[in-house]
Structure formats: C-alpha cells, structure tokens
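Asker: Got a sequence here, can you model it:
(one chain, ligands or ions: 1)
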Amino acid sequence: MAAKKTAGKSSAKKTSPKSSKAKSQSAKVAKSASKAIAIPHGEIHIGKDIWPMERDVLIRPDRMKYVRKLIKSEGCVFCTASKGGISFETLCVYQTKHAMVVLNKFPYNSGHVLVLPRRHCGDLLALSDAEHMDVQNTIRLTMKGLKEIYEPGGFNVGLNHGSVAGAGIPEHLHYHIIPRWSGDLNFFPLIAETKVLVESLEQTYEKILGYFKKI
Ligand SMILES: [Zn+2]
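Answerer: Numbers count the residues shown, from 1 in each chain. As a prediction, the model looks like this:
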C-alpha cells in the first residue's frame with residue numbers, strides 16, 4: 001500500500017511537458033484500442049472477458065452491442081443458421097416453418113438458447129401472425145425441453161428489441177432463453193466475473209438436439 005502511494009505521488013510531480021507526452025501516448029493507445037475493438041471499458045479478450053459481458057445480456061443489455069462487435073461475421077449469422085440447417089457448425093438444433101432454435105455461442109448458463117424467426121426481421125411488429133405464433137410456440141416448446149433436460153428452477157426469457165435496447169444483432173430478432181438455478185446470479189459476480197460451465201457447447205448441443213429429435 002505504502003509503495004503504491006509513493007508511486008502515485010511521484011508521478012503526480014512530473015513536469016507538464018512529460019505529462020502531455022504521456023497524454024498523447026495514452027491517446028494513441030486509446031485510438032488503436034478503439035480501432036481494434038470499439039468499447040469504452042478497455043481491451044477485451046475473447047475467452048477471458050467475453051463471458052461476463054455476455055452474462056449481462058438481460059441484466060445490462062447496453063453492454064451487448066460492444067461484445068457483439070467481437071464476434072460479428074460476414075452476413076447475418078442467424079440467416080446463415082436458417083439456411084445451413086441443423087448442424088453444430090451453425091449451432092441450430094431445431095427448425096419449423098417460421099422459427100428456429102440456435103444455441104448461444106457464449107452461453108450465460110448451460111442450456112442458454114435463442115429462439116428466433118427464420119426470416120431476417122428486426123421488428124416484432126413486422127412479423128406476420130403465423131411467424132409470431134410459430135416463434136412463441138417454439139419458445140414454449142424449447143422451455144419444455146430445457147426443463148426436461150436441465151430441471152432449472154426458472155428461466156429468463158427475453159427479447160432486446162433494437163440496438164438501443166441492447167440487441168447485439170438488432171436486424172434479426174432473437175429471444176434469449178436462459179435456464180436459471182437458485183443462487184447462480186448471486187454467486188458468480190462475487191468471483192471476479194468468472195463463469196464456470198458444467199458442460200461444453202458440444203454436450204449442450206447433443207442434449208438439446210436429442211430432445212428436438214423426439215418431436
Ligand atoms: Zn438474418
């Protein structure tokens with residue numbers, strides 16, 4: 001503690017030309033950092049930091065837009081999943097005429113899936129009745145499956161509508177369905193924003209695919 005204090009004092013005593021140089025250097029760093037990843041929270045490392053950011057999908061959805069920039073790929077990933085059919089590559093486990101179920105690549109909890117219309121549409125009000133009903137029915141069907149597989153105590157079921165509301169991919173609607181267990185939210189923020197999953201994405205995919213195969 002004492003050493004830190006001394007260091008802080010000595011840096012405060014630096015002359016103004018030096019501090020202006022330091023300022024321009026930090027501005028350069030900030031500029032290059034913002035070029036790489038446009039986020040206001042400092043540098044983010046996929047794998048190390050992406051978890052806590054994704055965790056905030058429903059709690060602090062405003063942060064999602066920054067995370068999504070890291071995993072943005074060519075074209076719409078959901079349309080790719082819709083056209084690509086059911087496969088681990090697209091993480092799609094189920095498709096109906098108008099709806100589909102895709103695993104979240106960076107899940108908050110095991111069994112975190114997305115239910116969405118197959119058509120590229122970012123406005124819930126622009127869905128046809130048939131599309132809307134198909135999506136809603138698929139949400140319930142998915143919850144039923146997750147209940148059977150994971151026996152969670154509850155769910156977060158939510159839609160971030162529009163980029164200002166935190167939608168990572170606002171052009172293509174997607175509902176998050178997150179199984180919840182008692183104490184999971186209370187516990188994890190206390191351990192330095194680290195999240196431990198009890199199963200791999202592959203295992204989750206197999207389990208959920210198995211459920212939908214029976215339908
Ligand atoms: Zn799309």
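Asker: number of nearby residues for Leu116?
Answerer: Residues near Leu116, counting by other C-beta atoms under 10 Å, number 26. No exception for glycine: its C-beta is placed from N, CA and C like everyone else's.
Asker: by contact count, what packs against the strand or helix carrying it?
Answerer: For Leu116, the element it lies in under DSSP states H and E is strand 113-117. Other helices and strands packing on strand 113-117, by 3 or more C-beta pairs under 8 Å, 6 or more residues apart in numbering; DSSP states H and E, are strand 99-103, helix 129-150, strand 175-180.
Asker: Name the residues that touch it?
Answerer: Under the contact criterion C-beta atoms under 8 Å, 6 or more residues apart in numbering, strand 113-117 has outside partners 78, 93, 98-104, 127, 131, 134-135, 138-139, 142, 146, 172-177, 208.
Asker: Give me the buried positions along stretch 166-177.
Answerer: Neighbour counts over stretch 166-177 (16 or more other C-beta atoms under 10 Å) mark Gly166, Ala167, Gly168, Ile169, Pro170, His172, Leu173, His174, Tyr175, His176, Ile177 as buried.
Asker: Columns pLDDT on top of these, output as CSV?
Answerer: Below are the buried residues of stretch 166-177 laid out as CSV (pLDDT from 0 to 100):
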residue, pLDDT
Gly166, 85
Ala167, 87
Gly168, 84
Ile169, 90
Pro170, 94
His172, 97
Leu173, 97
His174, 96
Tyr175, 96
His176, 94
Ile177, 95
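Asker: so where do the helices sit in this structure?
Answerer: Assigned by DSSP state H, the chain shows helices spanning 2-12, 16-36, 50-55, 64-71, 77-84, 129-150, 184-187, 201-213.
Asker: ok so, going back, so which of the contacts of strand 113-117 reach the ion?
Answerer: By C-beta under 5 Å from the ion, the members of the contacts of strand 113-117 lying near the ion are Phe78, His172.
Asker: filter the contacts of strand 113-117 to the buried ones?
Answerer: Buried among the contacts of strand 113-117 (16+ other C-beta under 10 Å): 78, 93, 98-104, 127, 131, 134-135, 138-139, 142, 146, 172-177, 208.
Asker: Outline the domain layout of this protein.
Answerer: For the chain, automatic domain parsing gives the domain ranges 14-43, 50-213.
Asker: I'd say His120 and Glu171 touch.
Answerer: Yes - at 6.6 Å, His120 counts as touching Glu171 under the criterion of C-beta atoms under 8 Å.
Asker: what residues are shared contacts of these two?
Answerer: Cys76.
Asker: Going by distance to the ion, which of the buried residues of stretch 166-177 wins?
Answerer: His172 (3.6 Å; C-beta to the ion).
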